[in-house]
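Asker: Just to be clear, the model below is a prediction. Sequence and coordinates:
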Amino acid sequence: MSRRARKKDEQVGLLVAVVVAVGLVAAVVQWLLAHWWILFLAAVGAAVASGFWLWQVRQRAEWERVRTQALQLRIAELDALDHRAFEFAIRDLMRRDGCRAERLGGAGDNACDVRAVDPAGRVWAIQCKHRRDGERGSAVGVGVLQQVNGTARQIHGADIAVVLTNGRFTSKAVPWGQEHRIHLVDRRLLGEWAAGSRPLWDLLDRIPPARRPTALS
């Protein structure tokens, strides 16, 4: 068979395929026009499914908002958590107070387990130290504070650097934190914050001013 004949056969085959495809499309369109109610039911079903999905999304968001706003934790409940759950609890407490907060804890967190932005626009870098034995556990020392001091502002852009524990701090850690503007939240202060309704910045001294106006300013 010559090249011209093969080319002609290919053209004929393509034309037949196009005609068949057009015919199928026309047949489908005619069938749908004759059975328009199927299209109507499909559209209604899609609208109902979309509406239900949006309702679920909004409900989950509302449940989360109510849960975090009403969140109150006793110090014994915090003691019973593992270190990972403890970090999530601190994140949720910051959210309760109106912050945008996320948990960063884990490998490569650069000494920041929870990073938050409060309603005044201030960035918080919080290093959490959970002690299974609470106040009887090992005290948090200057070494932890030095790590936070080296990363909180430089890497996380923090206005407020915090080391938080359900235990206690060494006697040297307290003046070292004051000198380097590292806020220390010990067991007593953590218990007051978690079980109450006041935000953490109301319980700490020497908090920097707001970055932006707030409803309370």
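Answerer: Noted; the coordinates are in hand. All values reported here derive from a predicted model rather than from experimental measurement.

Asker: Quick check: Leu104 vs Arg74, distance?
Answerer: Leu104 sits 26 Å away from Arg74, taking Cβ to Cβ, to the nearest Å as the criterion. Yep, even glycine has a C-beta here, placed from its N, CA and C like the rest.

Asker: Compare these two (neighbour count), which wins?
Answerer: With neighbours defined as other Cβ atoms under 10 Å, Leu104 and Arg74 compare such that Leu104 has more, 17 against 11.

Asker: The more buried one contacts Arg115, correct?
Answerer: Yes - using Cβ atoms under 8 Å, Leu104 makes contact with Arg115 at a distance of 5.6 Å.

Asker: Report the helix or strand with the lowest average pLDDT across the protein.
Answerer: helix 36-69 (a mean of 65; mean pLDDT, DSSP states H and E).

Asker: need the contact list for Arg187.
Answerer: Listed by Cβ atoms under 8 Å, 6 or more residues apart in numbering, the contact set of Arg187 reads 75, 134-135, 165-168.

Asker: Looking at the record's assignment, how would you partition the chain?
Answerer: What the record gives for the chain is the domain set 3-68, 75-202, from automatic domain parsing.

Asker: can you redo those as CSV with distance to Ala210?
Answerer: CSV is the format used below for the domains of the chain (distance: least, Cβ to Cβ, whole Å):
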stretch, distance to Ala210
domain 3-68, 22
domain 75-202, 3
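
Asker: Of all those, which one is nearest Pro208?
Answerer: Counting by Cβ to Cβ, Pro208 lies closest to domain 75-202 out of the domains of the chain; the figure is 5.2 Å.

Asker: so the residue nearest to the spatial centre of the chain bridges to which residues?
Answerer: With distances taken as Cα atoms, centre = their mean, Glu102 lies nearest the centre of the chain, 4.5 Å away. Bridge pairing for Glu102 (DSSP bridges) gives the partners Arg115.

Asker: Enumerate every residue touching it.
Answerer: 91, 114-116.

Asker: Turn these into a markdown table, columns for distance to Pro175 and neighbour count.
Answerer: Output for those, formatted as a markdown table (distance: Cβ to Cβ, whole Å; neighbours: other Cβ atoms under 10 Å):
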| residue | distance to Pro175 | neighbour count |
| --- | --- | --- |
| Arg91 | 29 | 23 |
| Val114 | 25 | 27 |
| Arg115 | 26 | 22 |
| Ala116 | 26 | 25 |
